[in-house]
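> predicted structure and sequence below. I'll ask about it afterward.
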Amino acid sequence: MSKKIGLFYGSTTGKTEAVAQMIQEELGGDDVVTLHDMSQAEAADFDEYECLIIGCPTWDIGELQSDWDGFYQDELENIDFSGKTVAYFGTGDQIGYSDNFQDAMGILETAISEKGGKTVGYTSTDGYDFDNSQGVKNGKFVGLAIDEDNQSDLTDKRVKDWTAQLKTEFGL
């Protein structure tokens, strides 16, 4: 029996939700990955999984998407991520928001790591053009960086490559 993965995403314009669905499909569909929209998610939902995928777009000037922001403020501190393997993906605009591209991914990764989550799914910053990001640690993105505004032609390949990497890192 393969591991069940919980994919938790926030999406305002639909881009992050579309990427979440692509990731779900690449990992084997809803038999393997259960999608959770953060507008309806509760802290207890995280308890069901040992493998998590966290998806959040960066909004405004380096802020979390509104559903994630509310959860981050009110509930994230109550979750123990010890023993959980966590991968992250974010959507953002590296040209229009070059000073905080993928900040949301970094904000969530920092908070969840501090609560015991083990981060997997690091990706190269090669092929991106931005000035600063909280989503970069030790020279790599803490997860999958998607830019549908400027590089939508690369999204399919990036998702396929990343999900192949996750299959190994999640032990699927």
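Now that the structure is in, tell me what you want to look at.
> could you pull out the strands in the protein for me?
Assigned by DSSP state E, the strands in the chain fall at 5-9, 33-37, 51-55, 58-59, 63-64, 85-91, 118-120, 123-124, 136-137, 140-141, 144-146.
> could you provide the ones you listed in CSV, with additional columns for mean pLDDT?
Converted to CSV, the strands of the chain look like this (pLDDT from 0 to 100):
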stretch, mean pLDDT
strand 5-9, 98
strand 33-37, 97
strand 51-55, 98
strand 58-59, 95
strand 63-64, 96
strand 85-91, 98
strand 118-120, 98
strand 123-124, 98
strand 136-137, 98
strand 140-141, 98
strand 144-146, 98
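> buried residues, the longest helix seen in the chain. List them.
For the chain, the longest helix by residue count, based on DSSP state H, is helix 155-169. By 16 or more other C-beta atoms under 10 Å, the buried positions in helix 155-169 come out as 155, 158, 159, 162, 163, 165, 166, 169. Where C-beta positions appear, they are placed from N, C-alpha and C, glycine not excepted.
> show me what it is packed against.
helix 15-26, strand 85-91, strand 123-124, strand 144-146 (3 or more C-beta pairs under 8 Å, 6 or more residues apart in numbering; DSSP states H and E).
> at 6 Å what do you get?
helix 15-26 (3 or more C-beta pairs under 6 Å, 6 or more residues apart in numbering; DSSP states H and E).
> please name every helix or strand in contact with the helix it packs on.
Secondary elements touching helix 15-26 (3+ C-beta pairs under 6 Å, 6+ apart): strand 5-9, strand 33-37, helix 155-169.
> direction included, what does the first one pair against?
Looking back up the chat, that one is strand 5-9. strand 33-37 (parallel), strand 51-55 (parallel) (DSSP bridges).
> so what touches stretch 51-66?
Under the criterion C-beta atoms under 6 Å, 6 or more residues apart in numbering, residues 3, 5-10, 12, 16, 20, 68, 72, 84-92, 100, 102-104, 108, 170 lie in contact with stretch 51-66.
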